[in-house]
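> Sequence and computational prediction follow.
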Amino acid sequence: MQAYHSFDFGGAVRIGHAFRVLCVTGTEAAPLAARLGALGGRIETEAELYAALSVVIDDPGGCDVVVFDCDSLGADNVAQVVTRTLRAVQSRLPVVLISAGFPTHVFPDAREEPILLRAPVSDLSLRIGCEHALRDLTRWAAA
């Protein structure tokens, strides 16, 4: 007898109450934003890379995590631009980068390093990435 069980349920279980996410994606319908919203996040979307970086630099307390859909933003070096820019301003805001160009998922120990998720990302991988990004929030530690 063989049993088969998929752990990707086609939907996500909430991980928090209204954590704030800036979702940077170049797609019109923004399915990534809807998937992040299903995790319990309050979503703001931005379609332009440099406008999103400006928002993050000007108001780092305006969101809890920033998620970049690198492939939809058009440039090949989006991950490098984001990483270099946020390091230059010494941002400690958690960043999740999603791209088909990454060989594997990476969940770094250092908060300054971005979380890398290989596209296409499953709901489970997206959930784990967001949980990892939000692990240091004081309101999560108090709960």
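Happy to help now that I have it. Bear in mind the structure is a predicted one, so any value in this text is a computation, not a measurement.

> Let me see the ranges of the strands in this structure.
19-24, 41-46, 65-69, 95-99, 115-118 (DSSP state E).

> now the fourth one and strand 19-24, what's the angle there?
In terms of direction (axes from the mean of the first three to the mean of the last three Cα atoms, to 10 degrees), strand 95-99 departs from strand 19-24 by 40 degrees.

> any idea how far G61 is from the nearest residue to V66 once chain neighbours are set aside?
Excluding its sequence neighbours, the residue lying closest to V66 (Cβ to Cβ, 6 or more residues apart in numbering) is L22, at 4.7 Å. To be clear about C-beta, it is placed using only N, CA and C from the backbone, and glycine gets the same treatment. Applying Cβ to Cβ, to the nearest Å, the value for L22 to G61 is 12 Å.

> quick one: which of the two has more around it?
Higher neighbour count among L22 and G61: L22, with 24 against 7, using other Cβ atoms under 10 Å.

> So what sits opposite the more buried one in the bridge?
Counting by DSSP bridges, L22 is bridged to E44, V66.

> Need the pLDDT of it.
Per-residue confidence (pLDDT) for L22: 92.

> Who are the contact partners of it?
Contacts for L22 were tallied using Cβ atoms under 8 Å, 6 or more residues apart in numbering; they are 44-46, 52, 55-56, 62-63, 65-67.

> could the residues you listed go into CSV alongside distance to D123, neighbour count and pLDDT?
CSV is the format used below for the contacts of L22 (distance: Cβ to Cβ, whole Å; neighbours: other Cβ atoms under 10 Å; pLDDT from 0 to 100):
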residue, distance to D123, neighbour count, pLDDT
E44, 21, 16, 91
T45, 19, 16, 92
E46, 22, 20, 92
A52, 23, 21, 92
V55, 26, 17, 91
V56, 25, 22, 91
G62, 26, 13, 87
C63, 21, 21, 89
V65, 16, 22, 92
V66, 19, 28, 93
V67, 14, 29, 94
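
> quick check, nearest of those residues to V89?
Distances from V89 to the contacts of L22, taken as Cβ to Cβ, are shortest for V56 (8.6 Å).

> From V95, how far out is that closest one?
Counting by Cβ to Cβ, the gap from V56 to V95 is 9 Å.
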